[in-house]
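K.L.:
model the structure of this input:
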Amino acid sequence: MALKGWLKEPGGARPPVAPSHFAVRLEAATAVYGAGSSGRAGGSGGSAEVTALREVTAGIHRGAFTAVMGPSGSGKSTFLHLAAGLERPASGRVLLGDTDLSTLKETALTELRRDRIGFVFQAYNLIPALGVTDNITLPLRFAGRATDPAWLAEIVSAVGLDGLLDRRPNELSGGQQQRVAIARALVTRPDVVFADEPTGALDTNTGAQVLRLLRRLVDMLGQTVVMVTHDPVAASYAHHVVFLADGRIVGELDAPTPESVAARMTHLGER
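P.N.:
Numbering: from 1, shown residues only. Here you go, the predicted structure:
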């Protein structure tokens, strides 16, 4: 079966990329929800089942910023949840580097998410009683790992939080709180950072600052970032955009602009 949906390097079509160049791979991944589904192949196939992703094969390049777009119900959030190990496919498989997530027991999967994956959501999910430093280093404390002062200083500087480390979340603006959330996602040196509508709660100017920050982290630190968004302007900060409709990959775009993304969204699903 031909492989569809493998994301390309900037500059147009290229020969197939070696799997080792991908941070995350979905291989014929299908996701099913609803009555009778078991979350894995072998569900009873109840009539109320909904197939959110249909045999999706895709690869996310290491050290790239990838945006995932599609209309409501297209499967973009399910794509993120499978890629991040938050859900298991009904069939097919998901690999983080060379690790097949479907082979891991729940405890091992939880540890993998904690150690190798970073998350940034629309809600900042900061602990009100903790200062900035403690909020950033919380994943390390949960893992029983010591903080690397040099790495902490580097990411604090990279996200623009110098001079704010002693403040509590209620003393920060929304953009500053999201920067704390991004630093928290980076503190474990994850393989991939997944961002789900990270600017949804921010005004336009602050959102643009956060998007520029995510792009700089990719360009400066080589971080891999995958962002789900509905906004063509937000997607234009990425290196690549992958488009979903009806649970399938229906297009890809390199070096996106707001205009090219909006035009592609208008014609999603056309063959």
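K.L.:
which residues in the stretch 151-271 of the chain form strands?
P.N.:
Counting by DSSP state E, counting those that start in this stretch, the segments of the stretch 151-271 of the chain that form strands are 192-196, 224-228, 240-245, 248-254.
K.L.:
any chance of CSV for the ones you listed, columns distance to Asp134, mean neighbour count and mean pLDDT?
P.N.:
Bear in mind the C-beta positions are built from the backbone N, C-alpha and C, glycine included. Formatted as CSV, the strands of the stretch 151-271 of the chain follow (distance: least, Cβ to Cβ, whole Å; neighbours: other Cβ atoms under 10 Å; pLDDT from 0 to 100):
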stretch, distance to Asp134, mean neighbour count, mean pLDDT
strand 192-196, 20, 24, 97
strand 224-228, 24, 25, 98
strand 240-245, 35, 24, 96
strand 248-254, 40, 20, 95
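K.L.:
got CSV for those strands, with distance to Leu152 too?
P.N.:
CSV is the format used below for the strands of the stretch 151-271 of the chain (distance: least, Cβ to Cβ, whole Å):
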stretch, distance to Leu152
strand 192-196, 16
strand 224-228, 20
strand 240-245, 30
strand 248-254, 34
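K.L.:
to Ser74, which of those lies closest?
P.N.:
strand 240-245 (4.3 Å; Cβ to Cβ).
K.L.:
give the other helices and strands that the closest one contacts.
P.N.:
When contacts are defined as 3 or more Cβ pairs under 8 Å, 6 or more residues apart in numbering; DSSP states H and E, strand 240-245 sits against strand 65-69, strand 248-254, helix 258-266.
K.L.:
what about Gly92, which SS state?
P.N.:
Reducing the assignment to helix, strand or coil with DSSP: H, G, I helix; E, B strand; the rest coil, the entry for Gly92 is strand.
K.L.:
for Ala195, which residues are in contact?
P.N.:
119-121, 214, 225-228 (Cβ atoms under 8 Å, 6 or more residues apart in numbering).
K.L.:
ugh, typo on my part, it should be Leu126
P.N.:
Shown in contact with Leu126 (Cβ under 8 Å, 6+ apart): 135, 169, 177, 180-181.
K.L.:
what helix or strand is it located in?
P.N.:
For Leu126, there is no helix or strand it lies in under DSSP states H and E.
K.L.:
for it, which non-adjacent residue is closest in space?
P.N.:
On the basis of Cβ to Cβ, 6 or more residues apart in numbering, the spatially nearest residue to Leu126 that is not a chain neighbour turns out to be Pro169, at 4.3 Å.
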